[in-house]
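Enquirer: Make a model of this:
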Amino acid sequence: MSERMQKGLANLRKIDGEAGEKVIESLADISPDLARYTIEYPFADIYDRPGLALRDREIATIAALTAMGNAAPQLEVHIQAGLNVGVTRQEVEEVIIQMTVYAGFPAALNAMQIAKKVFAENENGNHAP
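Expert: Just a heads-up that it's a prediction; the model follows:
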């Protein structure tokens, strides 16, 4: 296994935990190359860059996925990832509210429902980091 892949896997586990690993596993039998790219580029190359802390990168990711409005599964994973790296529940809510200005209320309302689900799973102990 390459050093890049090892670094990417370590960051994936730190940031996304079990959810990230499940995404990668789901790609293994259909597109191992896409699984590798998903680990190496974002998690080894981008998330490991200096300049932004992991929590800041997750705030930006939550904002972007909220604004896209069509990436619910990824938003769910990244809301949990944000919580994993120190983003607070209040900060997640504020980022989503901020997106009403740039992405509109439908995108923000949908994102808030996803956040509600993630928060509830954490409260009920149904999340394994």
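
Enquirer: what helix or strand is Met112 on?
Expert: The secondary structure element spanning Met112 is helix 105-123 (assigned by DSSP states H and E).

Enquirer: Which elements pack onto that helix?
Expert: Here helix 105-123 touches helix 54-68, helix 72-84, helix 89-103, going by 3 or more C-beta pairs under 8 Å, 6 or more residues apart in numbering; DSSP states H and E. Any C-beta I mention is one placed from the backbone N, CA and C, and that applies to glycine too.

Enquirer: Quickly note the distance from the residue nearest the centre of the chain to Gln6.
Expert: In the chain, the residue lying closest to the centroid (C-alpha atoms, centre = their mean) is His78, at 1.9 Å. From His78 over to Gln6 the distance is 22 Å, taken as C-beta to C-beta, to the nearest Å.

Enquirer: ok, now Thr88?
Expert: Computed as C-beta to C-beta, the Thr88 to Gln6 distance reads 30 Å.

Enquirer: now do Gln113
Expert: Per C-beta to C-beta, Gln113 is found 36 Å from Gln6.

Enquirer: Mind splitting this structure into its structural domains?
Expert: Domain segmentation of the chain under automatic domain parsing yields 1-49, 52-129.

Enquirer: which of those domains sits most buried?
Expert: With neighbours defined as mean count of other C-beta atoms under 10 Å, these peak in mean count at domain 52-129, which reaches a mean of 17.

Enquirer: just how off-centre is that domain within its chain?
Expert: Distance of domain 52-129 from its chain centroid, counting by C-alpha atoms, centre = their mean, to the nearest Å, is 8 Å.
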